[in-house]
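Novice: Below is the structure, and that's it, no one-letter string:
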């Protein structure tokens, strides 16, 4: 998509980019001291601390203004624990278009700089057709969460290398009984790639849903491995955390077992790549798995820890909160 086309989506925020000292003559971004705004993103580099923070406060504020939620009371989590969305066929919204607009904006934010709302946005996106009042209320609940986190961003600055984590919520979708795959890769202290997506088929066991999720994260790991090599930072093996011991046993066993015979051949990619030494899976308890919050709702303290593990922090630079919409 052309930059000019992308810029039209940010007319309500103001300029699509703060040009001048932040860009060279050819329009390339030069990240120096102070924040730079470009196509709705805010890039802040703290040279003294050796960190770089990427956020979308302007886009978030514009979304809240669009739906008259700027003064709403903030919530601590985007999706309350125990939430179960389904279709009842009743209490349909008179204007489903507004729901689609809101969820579309949430999806954009979730794939930009807000991995903490990825599960929420993916869950709401399952009800784009004939949305109901219950779906609308949850969507507004997510906006209330954004009220309190509008200035949060992904902060990079540590020496940590590329690392991944994957999880699956077995049968979490009450309509299709399909599982949800959640995965995330972090580099230098914050997330660089993540996803929360309903699986294409129904799994007969937790181990199978975790195995399918492992295959998905393997494909992403292979792409990132190639990207890192192209950027001059080759990675021999991509390490991925997994919390299901049975799944790890399936990955390690090169022989077909009765437990895995019915699994689609496409998912066995994970075994091959592990054997080739390109990807490695290791056990991590679920409470320590960063991908846990990409597959299910979490309680407040656990969700806060999940957000920190993603590298999301509130920006404390002067004027950030006061001028977040600029």
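Specialist: Yes, it's here. All figures in this text were calculated on a predicted structure; none of them were measured in a lab. Residues are numbered from 1 along each chain as shown.
Novice: which non-adjacent residue is nearest the residue nearest the centre of the chain?
Specialist: Closest residue to the average C-alpha location of the chain: residue 115 at 2.8 Å, with C-alpha atoms, centre = their mean. Spatial nearest neighbour of residue 115, chain neighbours left out: residue 194 (4.4 Å); criterion: C-beta to C-beta, 6 or more residues apart in numbering. C-beta: built from backbone N, CA, C; applies to glycine.
Novice: Could I get the full set of helices for the stretch 101-250 of the chain?
Specialist: For the stretch 101-250 of the chain, the helices defined by DSSP state H, counting those that start in this stretch cover 118-125, 133-149, 206-230, 245-252.
Novice: Tell me which of those helices sits nearest to residue 199.
Specialist: Closest of the helices of the stretch 101-250 of the chain to residue 199 is helix 206-230, at 5.5 Å (criterion: C-beta to C-beta).
Novice: List the buried residues for the helix or strand harbouring residue 42?
Specialist: Taking DSSP states H and E as the criterion, residue 42 maps to strand 41-46. Residues 41, 42, 43, 44, 45 are the ones in strand 41-46 that count as buried (16 or more other C-beta atoms under 10 Å).
Novice: Tell me which helix or strand comes right after it.
Specialist: As assigned by DSSP H and E, the chain's next helix or strand after strand 41-46 is strand 51-55.
Novice: Parallel or antiparallel, list what pairs with that next one.
Specialist: In the sheet, strand 51-55 lines up against strand 41-46 (antiparallel), strand 152-156 (antiparallel) (DSSP bridges).
Novice: and of those, who's closest to residue 91?
Specialist: Across the strands paired with strand 51-55, residue 91 has its closest neighbour in strand 152-156 (32.8 Å, C-beta to C-beta).
Novice: May I see the buried residues of that closest one?
Specialist: Across strand 152-156, burial judged by 16+ other C-beta under 10 Å covers 152, 153, 154, 155, 156.
Novice: Same question for stretch 104-116.
Specialist: Using 16+ other C-beta under 10 Å as the test for burial, stretch 104-116 gives 105, 106, 107, 108, 109, 110, 112, 113, 114, 115, 116.
Novice: Go through those and name the one nearest residue 225.
Specialist: Among the buried residues of stretch 104-116, residue 115 lies closest to residue 225 (C-beta to C-beta), at 20.3 Å.
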